[in-house]
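Q: Take this sequence and fold it.
(2 chains)
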There are 2 protein chains.
Amino acid sequence: MSETGARRGRGRRPAEEVRTRVLAATATLLFDEGLRSVTFDRVAHASGSSKTTLYKWWPSPGALAAEAYFASSVQTLEFHDTGDVRHDIRTQLRAFVRLLTDSRAGTVIAELIGAAQTDPELARALSTTYTLPRRRLAIDCIELARERGQLRHDVDADLLVDQLWGACYNRLLIPDNPLNEAYADALVDNTLRGAASETYRQELDGHGA
Amino acid sequence: MSETGARRGRGRRPAEEVRTRVLAATATLLFDEGLRSVTFDRVAHASGSSKTTLYKWWPSPGALAAEAYFASSVQTLEFHDTGDVRHDIRTQLRAFVRLLTDSRAGTVIAELIGAAQTDPELARALSTTYTLPRRRLAIDCIELARERGQLRHDVDADLLVDQLWGACYNRLLIPDNPLNEAYADALVDNTLRGAASETYRQELDGHGA
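A: Take a look at the predicted model:
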């Protein structure tokens, strides 16, 4: 009763505002208490939205969790185009590694990927809502560098994404070796040395990589 | 009673034989029914060993599962030294990809890594019993190539392992793109082009990689 009253008091909220509020409440649960705490009941309660709204927009709590993780990291993980692919990827990869290691984000995404191994619906949601959109941004950056002639014309952008961000996920999920900014730099150097056009390679070697 | 009788009838079995039998029984459970089926009760029953023996040798069912997975894949994943690092890594990486995709091994190791994200004891066991020993074999192969002058002297062997096998694990755990032998070959080419000494690089380029 009081909840209905409160909602009526606020009046109709535009969809985008509700969405943002739901994603923020989900991210808080996810980061504070882990994936298991993300249920439609708890998110509805924390965000002041109805469960009907949640069911309408998200196929499952896992899908909601994956999108909340994406939304919470989108600014930190932005790519900036300065014209030098090594500089741009290095900057973003360092930010990615810091996010995974300095905050609870690493634990959260490891838990999401872990749970996805035995939960096909979560796996689909994670792919659609997180890993594919993030991969797209990295591929855009790599394709731009290819058009500029910094990377070989036959370079496989998806493969480079795996050798950069995938290698970091590997250290996150199987933590046999340290995941830090020095590692990010070394990944960029080896990957780009392999993928560079002849001209850009000479430039890279000139930088004393 | 009858179990004791049966064991007495067989006489004392040498430790190595018991160990092999336990690992084989565990692998069967793991591949047929998944990680959750690997309990000391079921393994004791299936292998005809006592739970006391299991507790003596393995700290947890997870540790036993990880070792059984290692033992079941050790032959398939052997490295052979022909003197050409590209050939040797490519052959092994193709075998690794085939193992992950043609058999239930991929599902099993994905489930082990997935469960390790929320089970620190399993994570430790997986690292000690599977990922570190496997990594060691790959590093030996890379170090040999470095000594031969095929790879740069400052090459980071652990990083190359992440960019080859780690990238495959990435496609296994986050299956946004196909994991197959062509992918294995492309990984080897880009990684070794990045890590090759000047001489070996010319040789690789001559091969038309």
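Q: what's A:Ala167 in contact with, if anything?
A: Residues near A:Ala167 by CB atoms under 8 Å, 6 or more residues apart in numbering or on different chains: A:187, B:159, B:162-163, B:166-167, B:170. C-beta coordinates here come from the backbone N, C-alpha and C atoms, glycine included.
Q: try 6 Å this time
A: Shown here is A:Ala167, whose contacts under the criterion CB atoms under 6 Å, 6 or more residues apart in numbering or on different chains are A:187, B:162-163, B:166.
Q: ok, the residue nearest to A:Leu179 when sequence neighbours are not counted to B:Ser72 distance?
A: Of all residues not flanking A:Leu179 in the chain, A:Arg171 sits nearest, at 4.1 Å (CB to CB, 6 or more residues apart in numbering or on different chains). Note on A:Arg171: its distance to B:Ser72, by CB to CB, to the nearest Å, is 25 Å.
Q: Same question for the helix or strand containing A:Ala63: list its buried residues.
A: A:Ala63 is part of helix A:61-73, with elements assigned from DSSP states H and E. Burial within helix A:61-73, assessed by neighbour count using 16 or more other CB atoms under 10 Å in any protein chain shown, is assigned to A:61-73.
Q: Looking at those residues, which is nearest chain B?
A: Out of the buried residues of helix A:61-73, the one with the shortest distance to chain B is A:Ala66. That distance is 11.6 Å, counting by CB to the nearest CB.
Q: and that closest one, what is it in contact with?
A: Residues counted as contacts of A:Ala66 (CB under 6 Å, 6+ apart) are A:125-126, A:129-130.
Q: Out of those residues, grab the one that's most surrounded.
A: Each of those was scored for neighbours by other CB atoms under 10 Å in any protein chain shown, and A:Leu126 scores highest at 26 neighbours.
Q: what sits against that one?
A: When the contact criterion is CB under 6 Å, 6+ apart, the partners of A:Leu126 are A:66, A:112, A:116.
Q: repeat that with 7 Å
A: A:66, A:112-113, A:116 (CB atoms under 7 Å, 6 or more residues apart in numbering or on different chains).
Q: One more: A:Pro178?
A: By CB under 7 Å, 6+ apart, A:Pro178 lies in contact with nothing.
Q: what helix or strand is it on?
A: When elements are assigned from DSSP H and E, A:Pro178 belongs to no helix and no strand.
Q: Retrieve the pLDDT associated with it.
A: Model confidence at A:Pro178, expressed as pLDDT, equals 97.
Q: Equivalent analysis for A:Glu203, please.
A: The score at A:Glu203 is 86. That number is its pLDDT.
Q: Relative to A:Asp84, how far out is it?
A: Where A:Asp84 is concerned, A:Glu203 sits at a distance of 9 Å (CB to CB).
Q: who touches both of the two?
A: Both A:Glu203 and A:Asp84 lack any common contact, where contact means CB under 7 Å, 6+ apart.
Q: ok, A:Leu100 - contacts?
A: A:106, A:168, A:172, A:179.
Q: Report the separation between A:Val85 and chain B.
A: Distance, A:Val85 to chain B, using CB to the nearest CB, to the nearest Å: 14 Å.
Q: these two touch, right, that residue and A:Arg146?
A: No. Contact criterion CB atoms under 7 Å: A:Val85 and A:Arg146 do not qualify, at 8.8 Å.
Q: Farthest-apart pair in the contacts of A:Leu100, please.
A: Of all pairs drawn from the contacts of A:Leu100, the one with the largest separation by CB to CB is A:Gly106 and A:Cys168; the distance is 9.7 Å.
Q: residues contacting A:Phe79?
A: A:88, A:92, A:137, A:141.
Q: Could you rerun that using 10 Å?
A: By CB atoms under 10 Å, 6 or more residues apart in numbering or on different chains, the contact set of A:Phe79 is A:88-89, A:91-92, A:95, A:137-138, A:140-141, A:144.
Q: and it, that's in a helix?
A: No. Note on A:Phe79: no helix contains this position according to DSSP: H, G, I helix; E, B strand; the rest coil, which reports coil.
Q: What residues does A:Ser127 make contact with?
A: When contacts are taken as CB under 10 Å, 6+ apart, A:Ser127 is in contact with A:66, A:116, A:133, A:135, B:174-176.
Q: returning to that earlier point: quickly list what's touching both of A:Gly106 and A:Cys168.
A: Counting by CB under 10 Å, 6+ apart, the shared contacts of A:Gly106 and A:Cys168 are A:97, A:100, A:179.
Q: which secondary structure element contains A:Lys56?
A: With elements delineated by DSSP H and E, A:Lys56 resides in helix A:51-57, which encompasses its position.
Q: still on that earlier bit, farthest pair in the contacts of A:Phe79?
A: In these, the most distant members under the criterion CB to CB are A:Ala95 and A:Leu144, with 18.3 Å between them.
Q: Does the helix or strand hosting A:Val22 reach chain B?
A: Using DSSP H and E, the element containing A:Val22 is helix A:15-33. No. Judged by CB under 10 Å from any CB of the partner chain, helix A:15-33 stays clear of chain B, getting no closer than 13.0 Å.
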